[in-house]
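Student: I need the structure of the sequence given here:
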Amino acid sequence: MSPRVLIYLRDIFGLALTSFGGPQAHLALMHQVLVRRRRYFSEDELMETQALCQLLPGPSSTQILIVLSQKRWNTVVALLALLVWILPATVFMLLLALLFARWEMRSVATDFLLLIQPMAIGIIAHSGYQLALRFVRNNTAMMLMLLSLLTAASFPTPWTFPLIILGAAFVTNLTSTTTSEAAAPATINWKSSYISLLILVAAFALTGFLALFTKARYLVLFENFFRFGMLTFGGGSVLVPQMFEQFVQHRHYLDAGDFLSGLAISQAMPGPTFSFATFVGGMIMKEEGLPALLAGGLLATLAIFLPGTLVAFFVYPIWQLVKHSMVARRSLEGINAAAAGLILSAAVVLYTSMEFRTVNIFVMVATFLLLQYSRMHVSLLVALALLSGYIYSRL
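Tutor: Numbering: from 1, shown residues only. Predicted coordinates:
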């Protein structure tokens, strides 16, 4: 394995430890670290991949890393990037499940995390600003960015993002005069696509059949999380009510208090939001002992991330084949402008859901200015936010 790949995986691990705030914040950090600082990918590559993954079921930030890693290197590196990306959050959630199971910790002090959210908002706002400078080049793009911002901030539903992406693509296909550039025929490796589709269909059918007829808790757990991962659009916030209805209200596998307490703490954890499934899977199996708790958490993690991973591998060759067409190129003009608006809307939604404090505004502005006018690394910003939060909470 080349030194460049090892450095790349180290950077992914750093992102996994500092990515607070959900998919749009993850995208902002990827833009900061993988594009602007390290230059593994261009802004165009990141944004076209983001547009593609917004239309797919599953964890979009995870799928972005899979597609980009496969494009830059190969399937093996993409799988390693996936493992490195989900590892910290999986460990955090397993430890949290262990704490709840052993000591019934319904409330864990998280005062030191109180400045993390305004810091994440500052990162998101800065990324949206940078992308607007890059992709908003005419009045149509400006209109699409503003409409995307207003629509996503006003109607934060699971279907808002994909509908905005499709609408922006439709508008620029009607208004743009861009013509397709001649491109060499892409050399497509369809093997991974066929294998991914086969595994996806077989796993869905087999686990559903076995769970239905055996009623074994492990199989029911895997089937439910696999189905959620294959059919969920809109990120972890959409996944949560599905898990609550299935495991708390319907099957009574989990106490509502444990579920909601774990959810509250998980919101302050870095990494992919789908990793909350790790906590739920572990808690479902806690009555059968520590090995069962660990197995349940790991099984839920595998089940929730596997469908999105397989979908990303399946779609990647198709996207490589069609992305140079005139329709795709015109679509990307609107999609990129809309994406800037969507990122800015995430900053607005997070701000309106946060308690008003003068210190929060100061942290947001300071984060934006530091990113704009210095070369401070995001990990240092996170460390400063944690230290400042700890000090502020004790004043």
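
Student: going forward, measure contacts between C-alpha atoms and count neighbours the same way
Tutor: Will do.

Student: What is the least confident helix or strand in this structure?
Tutor: Of all the helices and strands that make up the chain, helix 236-243 has the lowest average by mean pLDDT, DSSP states H and E, namely a mean of 68.

Student: next helix or strand past that helix?
Tutor: helix 256-266 (DSSP states H and E).

Student: That following helix - what's its average pLDDT?
Tutor: Average pLDDT, helix 256-266: 73.

Student: residues of that helix that come out buried?
Tutor: 258-259, 262-263, 265-266 (16 or more other C-alpha atoms under 10 Å).

Student: Now render those residues as JSON lines, adding distance to Ala366.
Tutor: JSON lines is the format used below for those (distance: C-alpha to C-alpha, whole Å):
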{"residue": "Asp258", "distance to Ala366": "36"}
{"residue": "Phe259", "distance to Ala366": "35"}
{"residue": "Gly262", "distance to Ala366": "31"}
{"residue": "Leu263", "distance to Ala366": "29"}
{"residue": "Ile265", "distance to Ala366": "26"}
{"residue": "Ser266", "distance to Ala366": "26"}
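
Student: I figured Trp190 was touching Tyr316, is that so?
Tutor: No - contact status for Trp190 versus Tyr316: not in contact, 9.4 Å apart, counting by C-alpha atoms under 8 Å.

Student: neighbour-wise, which of the two wins?
Tutor: Taking neighbours as other C-alpha atoms under 10 Å, Trp190 and Tyr316 compare with Tyr316 leading, 23 against 14.

Student: Now the more buried one: closest residue in space that isn't a chain neighbour?
Tutor: Of all residues not flanking Tyr316 in the chain, Val67 sits nearest, at 6.4 Å (C-alpha to C-alpha, 6 or more residues apart in numbering).

Student: hey, where'd the strands end up in the stretch 1-150 of the chain?
Tutor: Counting by DSSP state E, counting those that start in this stretch, one finds no strands in the stretch 1-150 of the chain.

Student: Which stretches in it count as helices?
Tutor: 3-18, 23-30, 43-54, 60-72, 75-103, 116-135, 139-154 (DSSP state H, counting those that start in this stretch).

Student: Could you list every helix and strand that the second one packs against?
Tutor: I take that to be helix 23-30. helix 60-72, helix 116-135, helix 326-352 (3 or more C-alpha pairs under 8 Å, 6 or more residues apart in numbering; DSSP states H and E).

Student: so for the longest one, what's the average pLDDT?
Tutor: On average, the pLDDT along helix 326-352 is 79.

Student: Could you pull out the buried residues of it?
Tutor: 326-348, 350-351.

Student: now do the second one
Tutor: With burial defined by 16+ other C-alpha under 10 Å, the residues of helix 116-135 counted as buried are 116-132, 135.

Student: avg pLDDT for stretch 147-162?
Tutor: Averaging pLDDT along stretch 147-162 gives 79.

Student: Can I get that stretch in CSV, CA atoms only?
Tutor: This file holds the C-alpha atoms of stretch 147-162, laid out as CSV (Å, rounded to 0.1, in the frame of the first residue of the first chain):
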residue,chain,number,x,y,z
LEU,A,147,-34.5,28.9,-3.4
SER,A,148,-32.6,25.8,-2.2
LEU,A,149,-31.6,27.5,1.0
LEU,A,150,-35.2,28.8,1.7
THR,A,151,-36.9,25.5,0.8
ALA,A,152,-34.6,23.3,2.7
ALA,A,153,-34.7,25.5,5.8
SER,A,154,-38.5,25.8,5.7
PHE,A,155,-39.3,22.1,4.9
PRO,A,156,-36.7,19.9,6.4
THR,A,157,-38.3,16.6,5.3
PRO,A,158,-36.5,13.4,4.1
TRP,A,159,-37.6,14.1,0.5
THR,A,160,-36.6,17.8,0.4
PHE,A,161,-33.0,17.3,-0.5
PRO,A,162,-33.4,14.8,-3.4
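
Student: buried set for that stretch?
Tutor: Within stretch 147-162, the residues scored as buried using 16+ other C-alpha under 10 Å are 147-153, 158, 160-162.

Student: How about stretch 73-88?
Tutor: 75, 77-79, 81-88.

Student: could the residues you listed be laid out in TSV, adding distance to Phe279 and pLDDT?
Tutor: Converted to TSV, the buried residues of stretch 73-88 look like this (distance: C-alpha to C-alpha, whole Å; pLDDT from 0 to 100):
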residue	distance to Phe279	pLDDT
Thr75	28	86
Val77	27	92
Ala78	25	92
Leu79	22	92
Ala81	22	94
Leu82	19	93
Leu83	17	94
Val84	18	94
Trp85	17	94
Ile86	13	93
Leu87	13	93
Pro88	13	92
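
Student: so, if you compare the residues you listed, which one comes nearest to Phe170?
Tutor: Ala78 (31.1 Å; C-alpha to C-alpha).

Student: what sits against the closest one?
Tutor: 65-70 (C-alpha atoms under 8 Å, 6 or more residues apart in numbering).

Student: quick one: it from Ser148, how far?
Tutor: From Ala78 across to Ser148, the span is 31 Å (C-alpha to C-alpha, to the nearest Å).

Student: Same check on Leu55?
Tutor: Relative to Ser148, and taking C-alpha to C-alpha, Leu55 is found at 15 Å.

Student: remind me which residues of the chain are low pLDDT?
Tutor: For the chain, residues meeting the criterion pLDDT under 70 lie at 21, 103-113, 156-159, 178-189, 233-238, 241, 264, 267-268, 377.
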